[in-house]
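Participant: here you go, sequence then predicted model.
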Amino acid sequence: MTLDVLICTIDTGITRIPEVVLPQTAGIHWTVSMQYTDRRYLDLIPPELSLRPDISLTLMEGRGLSRNRNNAISHAKGELLLLADDDCRYTAEALLGIIHTYELMSQADLICFAAEDYEGRPMKHYPQQPMTYQAAASQGYYLSSVEMSFRAGLGLRFDERFGLGSKHLCAGEEDVFMHDALRSGYTAVFSPTCIVRSNADTTGARFLDNPKLQLTKGATFRYVYGSAEALWRCTKEAGWWLVHEGANPIPILYNMMRGIWILQ
């Protein structure tokens, strides 16, 4: 099998791509999808990206991370696809290990792995044993995009209403993507193997100070669980912030309920 690492970037982020890609390795391909908000950013494309047969560059005007991910998926060449950002760092051993994991877990359509920060610390609490995604989620595991891989040809795409750069909803695209995969009958697995080092500063860490993120969480709950359970989960979430952080739950609950309404 071959693995295609799908690196999404925008504007000046293209200058960081040479730090992400590894020397040419058999079985590994890199698809770089660059969004740009002004054509002047195209002048920043590193010339070495066009010199390697294992790197493909595709351009897309505008914003929207989910749009960018979908563009990368559409241009991918590998049998296995791995989501990546322009701040990710890999080793050849880790990437080849992804292929090996799929060979061992031949029933898996999607596999989520573990990630570390640049100092080698786990990005979050991970289960210590391989298990189904649903079992991992029941233990508190939640998705980050750089942990996600899946087989090409599943026909899955990201819902472009969600994710950074979208009109209303600035996150949640991973949960929606996984929900669509499971609803389609695909098998998702979690593996505790670390495959990447990345920036530990995630969008979700700013939940309390970001009304748009609160709105997004309500919309994500609505998409994944339906309106009735989303209302209960939003109430529970607002209560958690009151009990653990002393935050006023009213604006949090209001914003999350607006998210439910947006997705009706």
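Facilitator: Yep, it's here. Numbers count the residues shown, from 1 in each chain.
Participant: next, name the residue at the spatial heart of this protein.
Facilitator: Nearest residue to the geometric centre of the chain (C-alpha atoms, centre = their mean): S145, 1.7 Å.
Participant: residue contacts, that one?
Facilitator: S145 makes contacts with R69, L83, D85, E173, E174, as judged by C-beta atoms under 8 Å, 6 or more residues apart in numbering. Every residue, glycine included, has its C-beta placed from N, CA and C.
Participant: burial count for the residue lying closest to the last one once chain neighbours are set aside?
Facilitator: Of all residues beyond its chain neighbours, the one nearest E174 is L143 (4.1 Å), with distances taken as C-beta to C-beta, 6 or more residues apart in numbering. For L143, the neighbour count with other C-beta atoms under 10 Å is 19.
Participant: one more: S138?
Facilitator: 11.
Participant: let me see the ranges of the strands in the stretch 1-150 of the chain.
Facilitator: 3-10, 28-36, 55-61, 80-85, 110-116, 131-132, 148-151 (DSSP state E, counting those that start in this stretch).
Participant: so what touches the fifth one?
Facilitator: In this case it means strand 110-116. So strand 110-116 is contacted by 98, 101-102, 105, 122-123, 126, 133, 136, 141, 143-144, 146-151, 154, 178, 181, 186-198 (C-beta under 8 Å, 6+ apart).
Participant: try it again with 7 Å
Facilitator: With contacts defined as C-beta atoms under 7 Å, 6 or more residues apart in numbering, strand 110-116 is touched by 101-102, 105, 122-123, 126, 133, 143-144, 146-150, 181, 186, 188-198.
Participant: one more: the third one?
Facilitator: Around strand 55-61, the neighbours that count as contacts under C-beta under 7 Å, 6+ apart are 21, 30-36, 49-50, 67-68, 71, 75, 77.
Participant: between these, which is closest to I262?
Facilitator: Closest to I262 out of the contacts of strand 55-61 is R67 (18.4 Å), distances taken as C-beta to C-beta.
Participant: I figured the closest one hits F162, correct?
Facilitator: No. Under the criterion of C-beta atoms under 7 Å, R67 is not in contact with F162, lying 10.8 Å apart.
Participant: the two: which is more packed in?
Facilitator: F162 (25 against 20).
Participant: show me what contacts that one?
Facilitator: S66, L169, A171, G172, E173, V176.
Participant: pLDDT score for it?
Facilitator: With respect to pLDDT, F162 scores 97.
Participant: give me the neighbour count for G163.
Facilitator: 26.
Participant: quick one: residues contacting it.
Facilitator: Counted by C-beta under 7 Å, 6+ apart, G163 has contacts G64, L65, S66, A171, E173.
Participant: any idea how far the last one is from H179?
Facilitator: Read that as E173. As judged by C-beta to C-beta, to the nearest Å, E173 and H179 stand 11 Å apart.
Participant: these two - which one has more neighbours?
Facilitator: Ranked by neighbour count (other C-beta under 10 Å), E173 and H179 place E173 first, with 25 against 16.
Participant: so that one makes contact with R67?
Facilitator: No. Between E173 and R67 there is no contact under C-beta under 7 Å: 10.3 Å.
Participant: tell me where the stretch 151-264 of the chain has strands.
Facilitator: 188-197.
Participant: give me the below-cutoff pLDDT ranges for it.
Facilitator: 202-205 (pLDDT under 70).
Participant: between the contacts of F162, which sits nearest Y223?
Facilitator: V176 (5.4 Å).
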